[in-house]
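**Student:** predicted coordinates and the sequence they were generated for:
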Amino acid sequence: MATPFTTPKANSILKRQTSYSCQSTVNQQTAITQVVTAITEGNTLNGYEIGIASIDLKHPELVLLQYTDRQKYIKTITELQILDPMQILIPKEINEKNLKKSKLQAVLRQRFPNIEILSFPQKYYNWKEGYRLLMNVCLPEYQAANAEEILSKNFCLSAVSALLKYIEFKQDFSYAPSSLKTEYSRGYAVTTIDANSVRNLELIYNVTSRSSKDCLFRVLDHTRTKVGDLWSHIISPVIYSLLARLLRSSILQPCSDKKTLEERLDSVEELAMKQEIYGPLRSAIDKFCDISNMLRACVQIPKIESFKNAEARIADIIRLRNSLEAVKSLIVRLHGVKSALLQSIYQSLDDCHFQTMIDEINKVIDENATLEKGTLNFRAQICFAVRPEINGHLNVIRKVYEESIDDLASLKNFLHEKYNIPVEIVYNKGRGFHLQLESDLSPGEISSEFIKITRKKKTYFFSTLKLIYIPYLFFLIERLNETLKDIYILSNISVAQLYTNLKSYVSSLYNLSENIAMLDFLLCLGYSAAINGRNVRPTFSDTTAIKDGRHPILDVISVVPPVANDIYMSHENNFAIITGPNMSGKTVYLKQMALLQVMAQIGAYVPATCATFRIVDQIFTKIAVDGSMEENCSSFTAEMKEVNYIMQNATNHSLIIIDELGKGTASEDGIGICFAICEYFLQLKAFTVTSTHFLEICQLEDLYPNVDKYVYCTTNETTWMPSSYHLEVQHIKDNLNAYKLQYTHILAPDRTVEKYYGINLAELSSLPPKVVNRAREICKVLADKKEKCDKIDRKSYEEKATFRLGALLIQTAHNSKLDEASLKVYLQYLKDDYSNSIKTLLSHSNPLK
């Protein structure tokens, strides 16, 4: 009997409808994730004990967390942002009875308004049942570790119980025994970024519009485009979800392990520099489907076998075989790679279980089975996927199916001859069987026997009285549908047993999924490094020194190249103050520093001419704070709450970015609070950068040596720069011979010398000249009263000069790669410069001026 693999009748009889492709791979992979998260809490002496269990229904991996949180649930919000759930389950009693006692639901609804928050009966939050269920579904290699580590985590286990019960009751499937990969806590070194900082820095979404591409995720993700866009050829959309999940998690939790980062960068450099490696790998990896979808078919046991489930499971087994066969090609192309991470992927892919799985699949699935576009063509392939010798009854039903297709072909020929028009019979899920005609005819010129006519450009869609009311044809369509269901049911029996056999190798599939995702991630970063020739590979040390750094988002989207600026921070000089007029670029500069840090710690090349970073354990930002009517607090109160969170959680290895602290209250109060908070951060060794309009804050450099002048080294050049900076502006004349500010966005040493820049901007907003002039008069009177001569203690400046010299000698001892002769010259330079600094201090009453 002929099969569609040798004589594909569906192709020759019926027109393809690619726009309505059923179970299309692209549609499956680019859909949003289906993460369900269960959460519970309990009171402890130190705060709230939170237990979380989460799983993506499309990509099976169980994530378990338990930790102590505080009243605002900051850590919980951060974790949920990383997990990105579509549904959050909370105990029903919390949801309905204890609203006054528990703020959890209110916080979740406020912070995640687009996520469905569901109550689930408290009786299912049972830690003993959770432990039993976990040990049942957990892969054997994870059971021993989880059993010992998680046995005492009652809240986490309670969430596991609720999550798995919810999936069983509401999603109509359960997980097979010994099938799930589980991850308790975060088993790797990462940098924590709180939810407010993720938003402030626009890491995943643009603040103005979530659909905008102006965010770091979209800048690095060259695949997130439609077919025909610039990057559409870079990565196949069928594996987009693998890359998207890894890239997203890497941005939200950058790696903080230096060895891991160096290995990533070695691989990115090799891929970026060697097109002969990148090109073949890109071509090979495009053949892969999302392995996680195949994993789902292996580990999920549906309660009811439906037509849709049967079709999807058969299609997934064909995709799995295609992906497993593509592994061989990938291994060949990875042969000879030099970097350790690529070699590790190469070795992991050389798994004998892959060929064993292919052999198992070929015993059941015809070796010529493929997946084609178009609903009817797709289903024809599914119908004939199972080998003919597996089930004789299946072959009989297939014969009936072919006969039904032949009868439809006869109808097509009849209509073509009778009406002399090139009518086609097409099928899609929305319309079912219907007629299609591509013609310039007007609707009136089409025979009245055709009904339900609709038109889209030159294409007509319609039905016919014959297709609907002739009893034989009506029966034929019904028979075709029933035959299709019978074929699927019989085929699924064999395929279900095949999945059971393959479950023994599910660990190999998890490893394959991780390796493909990592390789695709490296290819993405490698391509980004290759096309952005001005980007450089970052290095890591105990200092952060960036030469000509550029804002990574503006560097991609801006028509005019952004202004490049330097960044330098070290153990001895860990606090910097930025001043300058409004709109001069202070906030952009602060965001730039944090974004470059994130890029470096995911293993990406950064937009600069040279860049060294200190790895940080946390990134905090306080950039723009609005008041909250829901919490009944002003913008200043909200600002203080954010700063308090930073003060309670920052460590010596954190990066702290603060924009215009204290601006929401009276200037005297703002200056005092800002000064005190800055002094607090000065006690830490965290790298802190703050911008301000309060020039009094710059007096910190008179009191603290780590807020003083320091050296910025690039190769053999040394430049003295203070820790107070300003963004320069120029005064130019316009066509009316009036002066106006021109923003250069260039960072320069020392505090800003601009005066009345707020009034100048107000003047540009067309305020009445009388009001602007009066404002200038008042400002001058107030400034005259406030102006004083700073008297600087000579001894303190001598101590600071000595401190600077010591800091430079320490930096030289740790980081210098100069030969002996050059080192002598450099040390003599430091000695002479120290002497000149002392002379300068003696000859000036205030050397800062």
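**Tutor:** Looks like it came in fine.
**Student:** which other residues reach the strand or helix carrying residue 346?
**Tutor:** Residue 346 belongs to helix 340-349 when assigned by DSSP states H and E. Applying Cβ atoms under 8 Å, 6 or more residues apart in numbering, the contact partners of helix 340-349 are 263-264, 266-267, 270-271, 327, 330-331, 334-335, 337, 511-512, 515, 518-519, 522. The way it works is simple: take the backbone N, C-alpha and C, and place the C-beta from them, glycine included.
**Student:** in that helix, what counts as buried?
**Tutor:** Residues of helix 340-349 classed as buried by neighbour count (16 or more other Cβ atoms under 10 Å): 341-342, 345-346, 349.
**Student:** cool, and stretch 395-408?
**Tutor:** Buried, per 16+ other Cβ under 10 Å, within stretch 395-408: 395, 397-398, 401-402, 404-405, 408.
**Student:** now do stretch 120-136
**Tutor:** 120, 122, 124-127, 129-131, 133-136.
**Student:** mind checking which of those land in helices?
**Tutor:** 127, 129-131, 133-136 (DSSP state H).
**Student:** of all the residues you listed, which comes closest to residue 455?
**Tutor:** Residue 455 lies nearest to residue 133 out of these, by Cβ to Cβ, at 55.7 Å.
**Student:** leaving out chain neighbours, which residue sits closest to that closest one?
**Tutor:** residue 164 (4.9 Å; Cβ to Cβ, 6 or more residues apart in numbering).
**Student:** what sits against residue 193?
**Tutor:** So residue 193 contacts 78, 201, 203, 252-254, 598, 618-619 (Cβ under 8 Å, 6+ apart).
**Student:** can we see that at 6 Å?
**Tutor:** Residues in contact with residue 193, defined by Cβ atoms under 6 Å, 6 or more residues apart in numbering, are residue 619.
**Student:** that one pairs with what?
**Tutor:** residue 619 (DSSP bridges).
**Student:** and the pLDDT at it?
**Tutor:** What the model reports as pLDDT for residue 193 is 94.
**Student:** host element of the residue most central in space within the chain?
**Tutor:** The chain has residue 248 as the residue nearest its centroid, 1.9 Å off, counting by Cα atoms, centre = their mean. Residue 248 belongs to helix 240-252 when elements are defined using DSSP H and E.
**Student:** which elements pack onto that helix?
**Tutor:** When contacts are defined as 3 or more Cβ pairs under 6 Å, 6 or more residues apart in numbering; DSSP states H and E, helix 240-252 packs onto helix 25-30, helix 506-531.
**Student:** show me what secondary structure element comes after it.
**Tutor:** By DSSP H and E, the next helix or strand past helix 240-252 is helix 258-273.
**Student:** CA atoms only for that following helix - export them in CSV, please.
**Tutor:** Only the C-alpha atoms of helix 258-273 are listed here, as CSV (Å, rounded to 0.1, in the frame of the first residue of the first chain):
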residue,chain,number,x,y,z
LYS,A,258,35.3,34.3,37.9
LYS,A,259,36.3,30.9,36.5
THR,A,260,32.9,30.3,34.9
LEU,A,261,33.0,33.8,33.4
GLU,A,262,36.4,33.3,31.9
GLU,A,263,35.4,30.0,30.4
ARG,A,264,32.3,31.7,28.8
LEU,A,265,34.4,34.5,27.5
ASP,A,266,37.0,32.1,26.1
SER,A,267,34.2,30.4,24.1
VAL,A,268,32.6,33.7,23.0
GLU,A,269,36.0,34.9,21.8
GLU,A,270,36.7,31.7,19.9
LEU,A,271,33.3,31.9,18.2
ALA,A,272,33.6,35.6,17.4
MET,A,273,37.1,35.4,16.0
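**Student:** contact partners for residue 158?
**Tutor:** 40, 51, 125, 127, 130.
**Student:** ok, now residue 358?
**Tutor:** residue 324.
**Student:** returning to that earlier point: give me the angle between the helix holding residue 248 and helix 506-531.
**Tutor:** 70 degrees (axes from the mean of the first three to the mean of the last three Cα atoms, to 10 degrees).
**Student:** just to revisit the earlier point, from the buried residues of stretch 120-136, pick the one nearest residue 182.
**Tutor:** Closest approach to residue 182 among those (Cβ to Cβ): residue 134, at 7.1 Å.
**Student:** am I right that that closest one is in contact with residue 160?
**Tutor:** Yes: in terms of Cβ atoms under 6 Å, residue 134 counts as a neighbour of residue 160; the distance is 5.2 Å.
**Student:** from the chain's centre, how far out does whatever helix or strand residue 162 lives in sit?
**Tutor:** Element membership for residue 162 (DSSP H and E) is helix 154-170. What separates the centre of helix 154-170 from the centre of its chain is 27 Å, taken as Cα atoms, centre = their mean, to the nearest Å.
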